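Trainee: Only the shape, not the letters, is given here:
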């Protein structure tokens, strides 16, 4: 692999499209005594002239149980019938070497809130087929109740079963167009 | 549009059934309430019987829900909770959970009781059950206390405030029938 010359402070310019086969969107949320996770495989993302944006089809949300998957898609959570997509668009990107922060707006269940994604950027570099790629490993923790996802059940000790704090993760491989 | 009206009480003189009849009287012309009377025929839920085809009474209930645009449930309160027969019918209807007939179905819960609180705890539990089943539970609160003072001996609703509440409940349920689709 050849590393092309780059500035460690610059956000790549031009148009970069997500290689969704080598990218992933996932979430983690504390549930009872452990962490519960799932993924949303059907999404698209692009970095266009310094703005990262993307959307995901929430009907593709996958967890390990069909009934639970249906619950997450129900009106108590994402309400996929009325809000089939979630989306993000950055408003500002700050890079410091491998570290990167993105301010932006996250829309879920038709509700838009500001959010900051933090993580790392890798590349740009040329892959083994000659394409130039840049990688983002990003995450943010959001309060799901701010997106009208308020379901919970009390545990015997009185504590809620499901945390309101959900970690969203995006591992993106973007290919220069 | 058709609203399936479901009473949680089997009693012939049920105040909750009477409340649904009053709701039918108050319904605007574009809404047609159909009172479902098959609750007593639903057998106790038994996973061994939960096969395809379902028992006829269960299949009839599922079909009635499937065919309706929305469901209005009036529930009494037994021991601070949902009557067993109603819960049993919903347990049948909720199967299979991921694709059950209540999923995304607009539903409103109302209730009346002879006590002061109008089945408010039963209604709360019923909304929780319906939400878990995947129903679209409308923001409706109508708890009619002191039922014996609100209906005459023929089960006719006498209280104009409750009639206003029924009209509001139906309007809230109807608003769920014409959702604004949001792309993101």
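Mentor: Great, that's in hand. In this text, all values refer to a predicted model and were calculated from it rather than measured experimentally. Numbers count the residues shown, from 1 in each chain, chains lettered A, B, ... in the order given.
Trainee: Given the one helix or strand residue A:100 maps to, what are its sheet partners and their directions?
Mentor: Using DSSP states H and E, residue A:100 falls within strand A:99-108. Paired strands of strand A:99-108, with direction, are strand A:85-96 (antiparallel), strand A:111-126 (antiparallel) (DSSP bridges).
Trainee: Point out where chain B drops to low pLDDT.
Mentor: Low-confidence segments of chain B, defined by pLDDT under 70, are located at B:179-184.
Trainee: Go ahead and flag the most central residue of it.
Mentor: Geometric centre of chain B, nearest residue: residue B:73, 1.2 Å, by C-alpha atoms, centre = their mean.
Trainee: contacts for the strand holding residue A:100?
Mentor: Strand A:99-108 has contacts (C-beta atoms under 8 Å, 6 or more residues apart in numbering or on different chains) with A:11, A:52, A:78, A:83, A:86-94, A:112-121, A:136, A:138, A:140, A:142, A:147, A:149, A:168, B:184. Just so you know, the C-beta spots here come from the backbone N, C-alpha and C atoms, and that holds for glycine as well.
Trainee: Pull out the buried positions in that strand.
Mentor: By 16 or more other C-beta atoms under 10 Å in any protein chain shown, the buried positions in strand A:99-108 come out as A:100, A:102, A:104, A:106-108.
Trainee: Show me how far it is from its chain's centre.
Mentor: Centroid separation for strand A:99-108 versus its chain: 9 Å, with C-alpha atoms, centre = their mean, to the nearest Å.
Trainee: Please name the residues that touch the closest residue to the residue nearest to the centre of chain B other than its chain neighbours.
Mentor: Take residue B:73 and drop its neighbours on the chain: the residue closest to it by C-beta to C-beta, 6 or more residues apart in numbering or on different chains is residue B:6, 4.6 Å away. By C-beta under 8 Å, 6+ apart, the residues touching residue B:6 are B:20, B:36, B:39, B:71-74, B:86.
Trainee: so where do the helices sit in chain A?
Mentor: All helices of chain A, identified by DSSP state H, fall at A:66-73.
Trainee: Tell me the residues of it that contact chain B?
Mentor: Within chain A, the residues that sit near chain B (C-beta under 8 Å from any C-beta of the partner chain) are A:55, A:66-67, A:69-71, A:74-76, A:79, A:81-87, A:107, A:110, A:151.
Trainee: ok, now with 10 Å
Mentor: A:55-56, A:58, A:65-71, A:73-77, A:79-89, A:107-112, A:151, A:153 (C-beta under 10 Å from any C-beta of the partner chain).
Trainee: Now, of those residues, which are buried?
Mentor: Buried members of these, counted by 16+ other C-beta under 10 Å: A:55-56, A:58, A:67, A:69-71, A:73-77, A:79-89, A:107-110, A:151.
Trainee: Tell me the buried residues in the one helix or strand residue B:92 maps to?
Mentor: Assigned by DSSP H and E, residue B:92 falls within helix B:84-93. Buried residues in helix B:84-93, counted by 16+ other C-beta under 10 Å: B:85-90, B:92-93.
Trainee: What ranges does chain B have for its strands?
Mentor: For chain B, the strands defined by DSSP state E occupy B:2-7, B:32-36, B:70-74, B:106-112, B:136-137, B:143-144.
Trainee: tell me the angle of the second one relative to strand B:70-74?
Mentor: Right, the one you point to is strand B:32-36. 50 degrees (axes from the mean of the first three to the mean of the last three C-alpha atoms, to 10 degrees).
Trainee: re the thing from before, could you export the strands paired with strand A:99-108 as JSON lines, including mean pLDDT?
Mentor: Output for the strands paired with strand A:99-108, formatted as JSON lines (pLDDT from 0 to 100):
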{"stretch": "strand A:85-96", "mean pLDDT": "96"}
{"stretch": "strand A:111-126", "mean pLDDT": "96"}
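Trainee: will you turn the ones you listed into TSV that also has distance to residue B:25?
Mentor: Formatted as TSV, those follow (distance: least, C-beta to C-beta, whole Å):
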stretch	distance to residue B:25
strand A:85-96	42
strand A:111-126	38
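Trainee: Quick one, which of these gets closest to residue B:165.
Mentor: strand A:111-126 (29.3 Å; C-beta to C-beta).
Trainee: Roughly how far does the closest residue in space to residue B:58 that isn't next to it in sequence sit from residue B:42?
Mentor: Nearest non-adjacent residue to residue B:58, counting by C-beta to C-beta, 6+ apart: residue B:92, 4.7 Å away. Separation of residue B:92 from residue B:42 (C-beta to C-beta, to the nearest Å): 6 Å.
Trainee: repeat for residue A:106
Mentor: If you go by C-beta to C-beta, the gap between residue A:106 and residue B:42 works out to 44 Å.
Trainee: Residue B:96 too?
Mentor: Distance of residue B:96 to residue B:42, given as C-beta to C-beta: 17 Å.
Trainee: follow-up on the earlier one: buried subset of the contacts of strand A:99-108 as a PyMOL selection?
Mentor: Filtering the contacts of strand A:99-108 down to the buried ones (16+ other C-beta under 10 Å) takes a single PyMOL command:
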select buried, (chain A and resi 11+52+78+83+86+87+88+89+90+93+115+117+119+121+136+138+140+142+147+149+168) or (chain B and resi 184)
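Trainee: Now do residue A:10, the pLDDT please.
Mentor: pLDDT for residue A:10: 82.
Trainee: separation between residue B:75 and residue B:127?
Mentor: 10 Å.
Trainee: same deal with residue A:155?
Mentor: Distance of residue A:155 to residue B:127, given as C-beta to C-beta: 21 Å.
Trainee: the more surrounded of these two?
Mentor: Neighbour totals were compared for residue A:155 and residue B:127, and residue B:127 leads with 20 against 12 (other C-beta atoms under 10 Å in any protein chain shown).
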